[in-house]
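In: turn this into a model:
(one chain, ligands or ions: 1)
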Amino acid sequence: MSEKKILVIGCNGQIGTVLTRALSKKYGPDNVIGSDIAKPNEPIDFIFEACSVLDKDQLLSIIKRHNITDVYLLAAYLSAKGEDNILKAWSLNIDGLLNVLNFAKDKIIKKIFWPSSIAVFGPTTPKTNVEQNAITEPTTIYGVSKLSGEALCNYYYQKFGVDVRSLRYPGLIGWQSLPGGGTTDYAVDIFHEAIKKKKYTCFLSAERSLPMMYMADAIKATIGIMDSPSEKIKIRTSYNISAFNFNPKELALEIKKYFSDFSIEYSPDKRDLLASSWPNSIDDSCARNDWDWAPSYDLSQMVGDIILNLKRKYKEELI
Ligand SMILES: NC(=O)c1ccc[n+]([C@@H]2O[C@H](COP(=O)([O-])OP(=O)(O)OC[C@H]3O[C@@H](n4cnc5c(N)ncnc54)[C@H](O)[C@@H]3O)[C@@H](O)[C@H]2O)c1
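Out: Numbering: from 1, shown residues only. Purely as a prediction, here's the structure:
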């Protein structure tokens, strides 16, 4: 029987949808609890509890009732949405994290996963091969909250021995779920539109290159860092991780290999400005050296896998 009892907070989001199922498969459906403010809209293979991460009392009662040991905290205001809701973004991203960190400080839970983002970097950071300790001067409230969250994680580790682990995710692309208001959402939307309409209007400019990763690799990294022995986790702010970089034009060319009549137009909006402050590529050698991280998918393998799965999914929906 698994000794772990896992709670995923924000289980219905882009990452939560995939991560909660992966954890349920690994640890068993009775050992994984998903919570969110919204109900799941697809069949689930874990226990669901409706709860806001900001409701400390209800969260505590769920944690105690299920004897939770590990919490994966995914609930957050993302980059594009956050700019229109500065106070709400700060509150969800920081107060939610503090609630969970304090449960670990009080020894109610044992281990925490909390994702940061490449949005901690800003215009003063070098553009390419950004190192672990490069300048972090973000210019979005999302980036500011992620950078503050990293400092909080490190502080709770240093001062109270809280075992919190974190990754700076790049833009994540998967076929199972839709994104929730980030700046890299185009790289998911484009696949659905390519299959349904054979054309897409992109809100980033053609040459806007960003660090990206296939969802399968993000899940691998997340479970990988949580499974590593504590002494291997030397960075307690958040680890750089990386897979590949591309711009919308390069992604469209890959998609065209499967749909020769696919066309793309560009209508950059304010999200293009947010993206312009972020790096083009990330150096993740610390994660590779410390806990053996390595991605499995390159760009063309990811595009092939997504198109295969989405074609199947849309065909099943039509039957
Ligand atoms: N998706 C990416 O490309 C990406 C990149 C970098 C970092 N991240 C980080 O990964 C984490 C998860 O991102 P995501 O893309 O899955 O986000 P998402 O917006 O798709 O999902 C967030 C989920 O949290 C839920 N939620 C919102 N408020 C809540 C609350 N008060 N209590 C409980 N649940 C609440 C939402 O209903 C949603 O299901 C976030 O911390 C995000 O900053 C994501």
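
In: remind me which residues of the stretch 1-150 of the chain are low pLDDT?
Out: 1-2 (pLDDT under 70).

In: and the residue of this structure nearest the ligand?
Out: residue 13 (1.8 Å; CB to the nearest ligand atom). In this view, the C-beta of every residue, glycine as well, is placed from N, C-alpha and C.

In: what about the closest residue to residue 313 other than its chain neighbours, neighbour count?
Out: Among residues not flanking residue 313 along the chain, residue 175 sits closest, at 7.0 Å (CB to CB, 6 or more residues apart in numbering). When neighbours are counted by other CB atoms under 10 Å, residue 175 registers 23.

In: ok but residue 175 is inside a strand, no?
Out: No: with DSSP: H, G, I helix; E, B strand; the rest coil as the criterion, residue 175 is assigned coil and is not in a strand.

In: which residues are in contact with it?
Out: Residues in contact with residue 175 (CB atoms under 8 Å, 6 or more residues apart in numbering) are 191, 215, 305-306, 309-310, 313.

In: what helix or strand is residue 155 on?
Out: helix 141-160 (DSSP states H and E).

In: ok, then the element right after that helix?
Out: strand 163-165.

In: any idea of the mean pLDDT in that next one?
Out: Mean pLDDT, strand 163-165: 98.

In: sheet partners, orientation included, of it?
Out: Sheet pairing of strand 163-165 (DSSP bridges) gives strand 111-113 (parallel).

In: near the ligand, anything from the partner strand?
Out: No: applying CB under 6 Å from any ligand atom, one finds strand 111-113 separated from the ligand by no less than 10.0 Å.

In: show the subsequent helix or strand relative to that strand.
Out: Next helix or strand after strand 111-113 toward the C-terminus (DSSP H and E): strand 116-117.

In: so which residues of the chain form helices?
Out: Under the criterion DSSP state H, the chain contains helices at 14-27, 56-65, 79-82, 86-90, 96-105, 141-160, 186-196, 215-227, 248-256, 270-276, 285-291, 299-318.

In: tell me the buried residues in the fourth one?
Out: Right, helix 86-90. For helix 86-90, burial by neighbour count (16 or more other CB atoms under 10 Å) applies to 89-90.

In: quick revisit: ok, so of the contacts of residue 175, who is nearest residue 25?
Out: Closest approach to residue 25 among the contacts of residue 175 (CB to CB): residue 215, at 14.7 Å.

In: pretty sure the closest one contacts residue 173?
Out: Yes: counting by CB atoms under 8 Å, residue 215 touches residue 173, with 6.4 Å between them.

In: give me the more crowded residue out of the two.
Out: Comparing residue 215 with residue 173 by other CB under 10 Å, the one with more neighbours is residue 173, at 28 against 24.

In: residues contacting that one?
Out: Neighbouring residues of residue 173 by CB under 8 Å, 6+ apart: 184, 187-188, 212-215, 302, 306.

In: which residue is the nearest non-sequential neighbour of residue 213?
Out: In space, and not counting its chain neighbours, residue 213 is closest to residue 243: 4.0 Å by CB to CB, 6+ apart.

In: count the neighbours of that neighbour for me.
Out: There are 23 residues near residue 243, going by other CB under 10 Å.

In: start at 259, not 1
Out: With the count now opening at 259, the last piece we talked about shows up as residue 501.

In: my guess is it contacts residue 468. True?
Out: No: counting by CB under 8 Å, residue 501 does not reach residue 468; the two are 11.6 Å apart.

In: anything in contact with each of these two?
Out: Common neighbours of residue 501 and residue 468 (criterion: CB under 8 Å, 6+ apart): residue 428.

In: in stretch 417-432, which residues are buried?
Out: So stretch 417-432, judged by 16+ other CB under 10 Å, has buried residues 420-432.

In: between the two ends of that stretch, how far is it?
Out: In stretch 417-432, first residue to last residue: 37 Å (CA to CA, to the nearest Å).

In: wait, does it contact the ligand?
Out: Yes: for stretch 417-432, a contact with the ligand is found by CB under 6 Å from any ligand atom, at 427, 429-430.

In: distance between that stretch and the chain's centre?
Out: Its chain's C-alpha centre and that of stretch 417-432 lie 9 Å apart, by CA atoms, centre = their mean, to the nearest Å.

In: mind listing what's buried in stretch 350-358?
Out: Within stretch 350-358, the residues that count as buried by 16+ other CB under 10 Å are 350-352, 354-355, 357-358.

In: check stretch 306-324 too.
Out: 307, 309-311, 314, 317-318, 320-321, 324.
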